[in-house]
Each structure stands twice: as structure tokens, then as C-alpha cells.
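>>> Kindly return the folded structure for what I paste below:
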Amino acid sequence: MSALQSFILIATAHFLALLSPGPDFLLILATSTRHGSRAGVRASAGIALANGVYIAVALAGVSALARSPALLSALGWGGAAYLAWLGAKLLSAKAADHPASSAADPAADTAVFRAGFLSGLLNPKNMLFYFSLFSLGAEQGSALTRTGYGLWMFTVVFCWDAWLARSLGRGRLHQWFNARQRKIERGCGALFVLLAAGLALGARGA
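Presented below is the predicted three-dimensional model:
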């Protein structure tokens, strides 16, 4: 397989995975609906950084970590606890009394960035996905090639998630979602709790 064919295969698989809704998408949806596009983009940056961590670890050639039952179990329990906490927070949240503001708020920016980072980092599926993806041949390329793969994936994750956040956090689409804010937050909260239960069951069986 040529370098170009390998890149097309891996880039396509990576982007198709991004299209599948998961905890990161739910977090962006809930954040952008309540706080607007600025907060959603900050959460997207945190998610991208967490993906970047797993990309770097996978490219460093330590994929043996993905076969460590203890590590997978720890990530599973940590992810389950975090998702359950997010779910409970969304289920108990009160409706916003005012429209989302685009004004800079360093404390809020840090909070949503941290939430995005933890969402991406505490999802064992992200680690397994990148280790599996790079087994398609990327890790056998030169250091420059591997770095290119990593930068491409990091950029695609951030750009896609930031586009979602901006689409959901402003304009008519935001108004539509914002009018249904509590229903959306309750739905996302319930899904977070279900995902947490699934992760906990997986960690228990690991």
C-alpha cells in the first residue's frame, strides 16, 4: 500500500468515526445550547487536546497500553464516574434565565475547556480507536509522516467539533435548540447516565 493510499484509508476511517455521535458530541450540544458558540468552541478545543494526547501516545509506539486490562479498567471506571456526574448535572440543571452571552469569561472558558478535555480523555473508546487506527500502517512510516498524521487528525477533530459548536450555538439553529433547552439537557443527561452504566459494566468485565 502506497503512502497516499494509507493516508486516504486512515483519514477516511478517522472522519467517519467523527460523524458517529458520542459523549463528545453530547457535551458540545449541551454546552452550545446553554452557553452559545464561544463556550462550545472552548469545549471543542479541550476535546481536540484529549484526542491529541491519545494520538501522540499511539504514534509513540506504546500500543501495548491498549492491551492492559488494568489501564482499560481504570479508564472505564473513571469515564463512567465522569459521565454519570455530567449526566446528573444536566438532569438537575435549571433553565437559563437569559440568552447565552458571547462576552469573554476566563473562568467559564476554563471550565468548559476542562470539561471537553476530560470528556475526551476519560473515554476508553478514544484510546482503542487511535491504537486500532494506527495499526493500519501509519506507525510504520517515517517520523515526519507520523507527525503529519497526528497533526492532521488533531486539526480535523478540532475543526469538525468547532464547526458543530458554532452551528449549534448561534443563529436560527441555536434559537431552535435554545427554545428546547431543558428537553435537550435532560435527554443528554439521560444518555450520559446510560453511557456511564455501559462503561461501568465494561470496566467490571475487563
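>>> Remind me what the lowest-mean-pLDDT helix or strand in the chain packs against, helices and strands.
Using mean pLDDT, DSSP states H and E, the weakest-scoring helix or strand in the chain turns out to be helix 171-179, at a mean of 71. Helix 171-179 sits against helix 23-35, helix 143-168, with contacts defined as 3 or more Cβ pairs under 8 Å, 6 or more residues apart in numbering; DSSP states H and E. C-betas here are computed from N, CA, C, even on glycine.
>>> In this structure residue 54 contacts residue 128, no?
No - using Cβ atoms under 8 Å, residue 54 is not in contact with residue 128, being 9.2 Å away.
>>> Check the closest residue to residue 124 other than its chain neighbours and give its pLDDT.
Of all residues not flanking residue 124 in the chain, residue 75 sits nearest, at 4.4 Å (Cβ to Cβ, 6 or more residues apart in numbering). Residue 75 carries a pLDDT value of 71.
>>> next one: residue 118
So, for residue 118, pLDDT stands at 92.
>>> Which residue is the nearest non-sequential neighbour of it?
residue 82 (5.7 Å).
>>> ok so, going back, would you mind saying which of the helices and strands packed on helix 171-179 lies nearest residue 121?
Nearest to residue 121 among those is helix 23-35 (10.7 Å), distances taken as Cβ to Cβ.
>>> same for that closest one, what does it pack against?
So helix 23-35, by 3+ Cβ pairs under 8 Å, 6+ apart, packs with helix 37-59, helix 69-92, helix 106-121, helix 143-168, helix 171-179, helix 181-205.
>>> hmm, try it at 6 Å
Judged by 3 or more Cβ pairs under 6 Å, 6 or more residues apart in numbering; DSSP states H and E, helix 23-35 is in contact with helix 37-59, helix 106-121, helix 143-168, helix 181-205.
>>> Of the ones you listed, which is nearest residue 15?
Among those, helix 143-168 sits nearest to residue 15 (Cβ to Cβ), with 6.4 Å.
>>> That closest one: which residues count as buried?
For helix 143-168, burial by neighbour count (16 or more other Cβ atoms under 10 Å) applies to 145-146, 149-150, 153-154, 156-158, 160-162, 164-168.
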